[in-house]
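1. Make a model of this:
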Amino acid sequence: MRYILLIVALGSCAAWADDVALVGGRVMDPASGFDAIANVVIEGDRVVLVTGEPVDADRVIDASGLVVAPGFIDLHAHGQDPVSNRFQAGDGVTTALELEIGTNPVAAWYAARSGNSVLNYGTSSGHPASRGVAVSAGSRGLGVAAYAALTEAETIRMLELIKEGLDQGGLGIGMGITYTPAADHREIYRVFELAAAEGRPVFVHMRNASKLSGDLLAPLQEVISNAVVTGASLHVVHINSSTNTAAETAVEMIRRAANQGFDITTENYPYTAGSTRLESALFDNWTDYASLQWVARESD
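-> Numbers count the residues shown, from 1 in each chain. As a prediction, this is how the structure comes out:
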């Protein structure tokens, strides 16, 4: 059976007639928990009525057999180009955000998309990019940025660059710790301190477990402890692949932290493909990585 999703994309409604009615669809609103066959009336760029009663409008769209829902927000979208965005729109995504790794400079990233983006967009201020610029400024070059321990001056400059990105519209701080293996625990802690001071969340691809004696939960414990002691909000990306066979315990840890009032969330994805460059630090110990993937497949 083909199941079609009809998304209410408010930003485009103004181009339709003054009033638009979507009738007979299964209306689902995650925010309120509403889930029923109903009619939705849109005026201009706003939903003004959701009702089970008959409605009339300048344009009536029969949504019978379809789901009517708000546009989806994708927090973890690397394909930030028109072609990728069109595929995302086909999946019901109306806002695609690059929050895992982020970028720097943030202002240039926004300027490149202004006026020609298919979807709503946004990014985080990236720790890896800021770290690379700070190392380069120290005349050691971007080529060693992932593997260079920062001097105190470079650490200060990195934090300044991250804050500049936040001031330029970064939605939070993006950290790919596995791609910057030389970043020690103190450096990561200081980034969390900055996030807390600025009131911004941290989106983190955790440290490679092979760097911590292969303990699959140790990278999660690092970022949870930083979030708890600094008060920063934390979002852990793709918990399923990051913690592998320990994923159930990892989700339990995050759920318990959230139940105790800490703003800690996570996500998982249903696919097995990735988008990591082969030359990245993630694959430095590729035999260890391959072994972990093999264990995961064997346990399925």
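2. C-alpha from now on. contacts and neighbour counts both.
-> Noted.
3. what helix or strand is Val60 on?
-> Here Val60, judged by DSSP states H and E, is contained in strand 59-62.
4. Partner strands of that strand, with direction?
-> Partner strands and pairing direction for strand 59-62 (DSSP bridges) are strand 19-29 (parallel).
5. Report the buried residues of the partner strand.
-> Within strand 19-29, the residues scored as buried using 16 or more other C-alpha atoms under 10 Å are Asp19, Val20, Ala21, Leu22, Val23, Gly24, Gly25, Arg26, Val27, Met28.
6. now do stretch 31-45
-> Ala36, Ile37, Ala38, Asn39, Val40, Val41, Ile42, Glu43, Gly44, Asp45.
7. can you list those in JSON lines and add pLDDT?
-> Listed next are the buried residues of stretch 31-45 as JSON lines, based on pLDDT from 0 to 100:
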{"residue": "Ala36", "pLDDT": "96"}
{"residue": "Ile37", "pLDDT": "97"}
{"residue": "Ala38", "pLDDT": "96"}
{"residue": "Asn39", "pLDDT": "95"}
{"residue": "Val40", "pLDDT": "95"}
{"residue": "Val41", "pLDDT": "94"}
{"residue": "Ile42", "pLDDT": "92"}
{"residue": "Glu43", "pLDDT": "91"}
{"residue": "Gly44", "pLDDT": "86"}
{"residue": "Asp45", "pLDDT": "81"}
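8. quick one: which of those sit in strands?
-> In this view, those that belong to strands under DSSP state E are Ala36, Ile37, Ala38, Asn39, Val40, Val41, Ile42, Glu43.
9. what ranges of the stretch 51-200 of the chain fall below the confidence cut-off?
-> 137-144 (pLDDT under 70).
10. neighbours of Ser117, just the number please.
-> 14 (other C-alpha atoms under 10 Å).
11. quick one: it is in a strand?
-> No - checked against DSSP: H, G, I helix; E, B strand; the rest coil, Ser117 lies outside a strand; its state is coil.
12. Specify which member of the buried residues of strand 19-29 is nearest to Leu99.
-> Met28 (26.1 Å; C-alpha to C-alpha).
13. I'd assumed Ala38 was in contact with the closest one.
-> No - judged on C-alpha atoms under 8 Å, Met28 makes no contact with Ala38 at a distance of 9.4 Å.
14. can you pull out the helices in the stretch 1-150 of the chain?
-> 10-13, 82-90, 106-113, 127-137 (DSSP state H, counting those that start in this stretch).
15. Going along the chain, name the strands of this structure.
-> Under DSSP E, the chain gives strands at 5-8, 19-29, 34-43, 46-51, 59-62, 67-70, 72-74, 93-103, 120-126, 173-176, 202-205, 234-236, 264-266.
16. among the buried residues of stretch 31-45, which two are most distant?
-> Ala36 and Gly44 (23.8 Å).
17. and the nearest residue to Ile61 once chain neighbours are set aside, what are its bridge partners?
-> Excluding the flanking residues, the one nearest Ile61 by C-alpha to C-alpha, 6 or more residues apart in numbering is Leu22, at 4.9 Å. Beta-bridge pairing for Leu22 (DSSP bridges): Val40, Ile61.
18. Need the pLDDT of Leu22.
-> Here the pLDDT value assigned to Leu22 is 94.
19. Quote the end-to-end distance of stretch 123-131.
-> Distance across stretch 123-131, first residue to last, is 17 Å (C-alpha to C-alpha, to the nearest Å).
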